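*Asks:* sequence? don't have it. structure:
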């Protein structure tokens, strides 16, 4: 981008109250960026954004709105947003942690933010705004009060993490794990590792530091392939921590740290132990006292349909429905199988964006479910599970299994044969809408 335009944008930004990309949510004094997408054109709403109180509107040169006044015309509004975010970020001499991974990104980000906030003023990604738009919006929230930043970075195609790192300019990085997800975009599991490894590539090139889960052989191998990458290691087993048993009476994850301190979380699933250890490790690295870090982890209560426990009038629900891929599905089912819950039932929604691997991966889920002997009933929801049932009729014949085309069909089945006194795992992709069943469970 032309430096004069970049400087003009930054001067406008400094005089604004913030940035918005949604003309329906304009606050006084913001800088509105008219982004374009496959099904929308923000340029059409630039005038209404100004009328609603925006101080500036950044529009596309080809949209017919002339440059000048409160309009700033640029070649590409998304590129302008990203360039502005990078320029703003480069003016801060604070630690910035870039965080990515197949599973656990948002939970780990929340835990890390909670721990660091025990000592620092932290600016972090809100929710899961972790893409090519969300990362710039996070960076543009940095203020003179910010002492540390935690930036979540998501991707479903090669090159995206590299692009986001070039905008966020992280000093530190963390890959939670690598697994089978977005295989349509990445092509294969090796493609996933190469794409997530772009964060390691960036940190090796800049001489900065990665926090490495030493319990994870895939991540250790990826780090070993980058011999100049500086690492700080953590892990449940690598550090000598212990995952304590769970039961219906004590359903949440508990850890005994090597120092003898027990951390009682509000998270469901032993797979969250590495996320907790990452937060504790990062806190320790930046000087947060262990007791404060443990207290911050214990105070964190998930509310985003990730590793969430909820008791209804009839059942105990384990909610993990924000997203699903083969890796997270395997982790959820393994954890549920190992739990001591009574009268186990599973409602499993299909996984998306798996391409040619979709049917085999859904068959693997069926195989795993079939192997959980104390599970009394399983509802599979979604077309991909129906295809898997056709591919493996001997598996589908399990008397505990019911296959539903969508969540409405599942609702009808559950209304006719309601569940009472059960421990129910709900796991599936967000697009399946399994939470719509909560009112009848």
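*Replies:* Thanks, I have the structure now. Given the structure is predicted, the values throughout are model-derived calculations rather than measurements. Numbers count the residues shown, from 1 in each chain.
*Asks:* so which elements touch the helix or strand harbouring residue 376?
*Replies:* Applying DSSP states H and E as the criterion places residue 376 in strand 375-381. Here strand 375-381 touches strand 344-349, helix 358-370, strand 401-404, helix 407-416, going by 3 or more C-beta pairs under 8 Å, 6 or more residues apart in numbering; DSSP states H and E. From N, CA and C alone the C-beta is placed, and that goes for glycine too.
*Asks:* adding distance to residue 115, write the ones you listed out as TSV.
*Replies:* As requested, those are exported to TSV (distance: least, C-beta to C-beta, whole Å):
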stretch	distance to residue 115
strand 344-349	32
helix 358-370	33
strand 401-404	41
helix 407-416	36
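*Asks:* can you lay out the ones you listed as a markdown table showing mean neighbour count, mean pLDDT and distance to residue 57?
*Replies:* Shown next, in a markdown table, are those (neighbours: other C-beta atoms under 10 Å; pLDDT from 0 to 100; distance: least, C-beta to C-beta, whole Å):
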| stretch | mean neighbour count | mean pLDDT | distance to residue 57 |
| --- | --- | --- | --- |
| strand 344-349 | 25 | 96 | 40 |
| helix 358-370 | 19 | 96 | 42 |
| strand 401-404 | 19 | 97 | 47 |
| helix 407-416 | 15 | 96 | 40 |
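*Asks:* so residue 101 touches residue 173, yeah?
*Replies:* No: shown here, residue 101 and residue 173 do not form a contact pair, counting by C-beta atoms under 8 Å, at 10.5 Å.
*Asks:* now do residue 179, the pLDDT please.
*Replies:* pLDDT, residue 179: 84.
*Asks:* which non-adjacent residue is nearest it?
*Replies:* Excluding its sequence neighbours, the residue lying closest to residue 179 (C-beta to C-beta, 6 or more residues apart in numbering) is residue 327, at 2.6 Å.
*Asks:* now do the buried residues in the strand or helix carrying the one you found.
*Replies:* If you go by DSSP H and E, residue 327 is part of helix 326-338. For helix 326-338, the neighbour count (16 or more other C-beta atoms under 10 Å) marks 326, 327, 328, 329, 330, 331, 332, 333, 335, 336, 337 as buried.
*Asks:* ok, now stretch 57-68?
*Replies:* Using 16+ other C-beta under 10 Å as the test for burial, stretch 57-68 gives 57, 58, 59, 60, 63, 65.
*Asks:* now do the same end-to-end measure for it.
*Replies:* The straight-line separation of the ends of stretch 57-68 (C-alpha to C-alpha, to the nearest Å) is 10 Å.
*Asks:* now it, how far from the centre of its chain.
*Replies:* 34 Å (C-alpha atoms, centre = their mean, to the nearest Å).
*Asks:* hang on, the earlier thing: what's the overlap in contacts for residue 101 and residue 173?
*Replies:* Listed contacts common to residue 101 and residue 173 are nil; contacts here mean C-beta atoms under 8 Å, 6 or more residues apart in numbering.
*Asks:* quick check, residue 437 in a strand?
*Replies:* No: read with DSSP: H, G, I helix; E, B strand; the rest coil, residue 437 is helix and lies in no strand.
*Asks:* what about it, neighbour count?
*Replies:* Using other C-beta atoms under 10 Å, the number of residues around residue 437 comes to 23.
*Asks:* what does residue 31 give?
*Replies:* Neighbour count for residue 31, taken as other C-beta under 10 Å: 26.
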